[in-house]
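Chemist: whatever this is, show me its structure:
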Amino acid sequence: MKNNFSIPVFFILACSVVFFSAQNSQEDPDGKAGATGSPNEVTCADSDCHATYILNSGTGSITISSPDLINWEYVPGETYTISVTVAKTGHDLFGIGFEALKSNGDNAGTLVAGSDTQIKNKTVGGFQRKNITHDDGTGAGTNSHTFTFTWHAPTTNVGSITFYAAGNACNDNGNENGDYVYTTTQQVSVAVGVYEINRDENALTVFPNPATDQLNIVQQVSIGGNVQFRLFDQRGALVQDFGQINHSSGELKKNLDISMLPSGIYMLQTNIDGNTVASKVIEKK
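Modeler: Residues are numbered from 1 along each chain as shown. Modelled structure (predicted):
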């Protein structure tokens, strides 16, 4: 989890030597949106391209990972790094499509493309879904390729979110025959203890960050009450409880001693009468 701490998915249209060529005769040599296998979408294995083999056949795979989404839980308003790896032994060109969706099929949060990806749109079920797709001239790798990008979680608690990803493992034979398509999903839940609150009304500022021995907190408390300060590690385990104070509405300032903590990434949570606001903290000796 993190405060500034990584979905509708797209897919691949063409995968071959010409996939990398400026003279590619394909109309769209990079990825296309709306082919992730998410609700109301097909994949390239179900359409008229890359349809040699049935979906998810062979020994290849596609996986979603994130160093920041601890236990696959998000904190509203935080930013996370997402990686999607497509793998197939004997193949050297790969592509992806990726989406983050709420249960109603609309976008969940905001996707930001990485160095080898781009954003494309596709209207599906009345929603203009944002897709991460591979960019033209990318995706090369021996037996696999990992695409990395960023996901900004929704600013409020929207409940469980599903990541949908589709990947293409290409044989680089100059056409769309002989390629494999793989799909996967990952459910992401709101972090335990994080409630749907107005983050602006309870805005939290933490500095310096990275910190060494002392951590300063400035928080706007919209409604007075008991305020509790706790620090968690990346596994979600409580590492330090700073206790609680009673504070009226208005600006709250507090200094926390973190001199005994080892270097690492932590999550500071402030709880105001059951409502939690969180911020990533980097301890650096």
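
Chemist: all strands for the stretch 1-150 of the chain, in order.
Modeler: 11-12, 31-32, 61-65, 73-74, 79-87, 93-101, 110-112, 117-124, 127-134, 144-152 (DSSP state E, counting those that start in this stretch).

Chemist: switch the ones you listed over to JSON lines; also include mean pLDDT, mean neighbour count and distance to Glu251.
Modeler: Any C-beta I mention is one placed from the backbone N, CA and C, and that applies to glycine too. Compiled in JSON lines, these are given as follows (pLDDT from 0 to 100; neighbours: other CB atoms under 10 Å; distance: least, CB to CB, whole Å):
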{"stretch": "strand 11-12", "mean pLDDT": "34", "mean neighbour count": "34", "distance to Glu251": "49"}
{"stretch": "strand 31-32", "mean pLDDT": "76", "mean neighbour count": "27", "distance to Glu251": "47"}
{"stretch": "strand 61-65", "mean pLDDT": "96", "mean neighbour count": "18", "distance to Glu251": "39"}
{"stretch": "strand 73-74", "mean pLDDT": "87", "mean neighbour count": "24", "distance to Glu251": "28"}
{"stretch": "strand 79-87", "mean pLDDT": "95", "mean neighbour count": "22", "distance to Glu251": "25"}
{"stretch": "strand 93-101", "mean pLDDT": "94", "mean neighbour count": "31", "distance to Glu251": "35"}
{"stretch": "strand 110-112", "mean pLDDT": "97", "mean neighbour count": "18", "distance to Glu251": "29"}
{"stretch": "strand 117-124", "mean pLDDT": "94", "mean neighbour count": "18", "distance to Glu251": "38"}
{"stretch": "strand 127-134", "mean pLDDT": "95", "mean neighbour count": "26", "distance to Glu251": "37"}
{"stretch": "strand 144-152", "mean pLDDT": "96", "mean neighbour count": "20", "distance to Glu251": "27"}
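
Chemist: does Gly95 really touch Gly139, like I thought?
Modeler: Yes - contact criterion CB atoms under 8 Å: Gly95 and Gly139 qualify, at 5.2 Å.

Chemist: dump the residue contacts of Gly105.
Modeler: When contacts are counted by CB atoms under 8 Å, 6 or more residues apart in numbering, Gly105 touches 38-40, 124-127, 129.

Chemist: right, so of the strands of the stretch 1-150 of the chain, which gets closest to Val281?
Modeler: strand 79-87 (14.6 Å; CB to CB).

Chemist: quick one on the thing from earlier: now render the strands of the stretch 1-150 of the chain as CSV, adding distance to Asp179.
Modeler: As requested, these are exported to CSV (distance: least, CB to CB, whole Å):
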stretch, distance to Asp179
strand 11-12, 8
strand 31-32, 13
strand 61-65, 13
strand 73-74, 33
strand 79-87, 11
strand 93-101, 9
strand 110-112, 25
strand 117-124, 19
strand 127-134, 13
strand 144-152, 14
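
Chemist: surely Asp257 and Gln214 touch.
Modeler: Yes - using CB under 8 Å, Asp257 is in contact with Gln214, at 6.4 Å.

Chemist: using TSV, lay out the contacts of Gly105 together with distance to Leu111.
Modeler: Shown next, in TSV, are the contacts of Gly105 (distance: CB to CB, whole Å):
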residue	distance to Leu111
Ser38	14
Pro39	18
Asn40	19
Val124	15
Gly125	18
Gly126	19
Phe127	14
Arg129	10
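
Chemist: farthest-separated two in these?
Modeler: Across these (CB to CB), the longest gap, 14.0 Å, separates Ser38 and Gly126.

Chemist: let me know how buried Arg230 is, in neighbour terms.
Modeler: Using other CB atoms under 10 Å, Arg230 has 19 other residues around it.

Chemist: tell me the contacts of it?
Modeler: Contacts for Arg230 (CB under 8 Å, 6+ apart) come out as 238, 240-242, 268-269, 271.

Chemist: sorry, back to before: just name the closest of the contacts of Gly105 to Val86, please.
Modeler: Nearest to Val86, judged by CB to CB, of the contacts of Gly105 is Ser38 at 17.0 Å.
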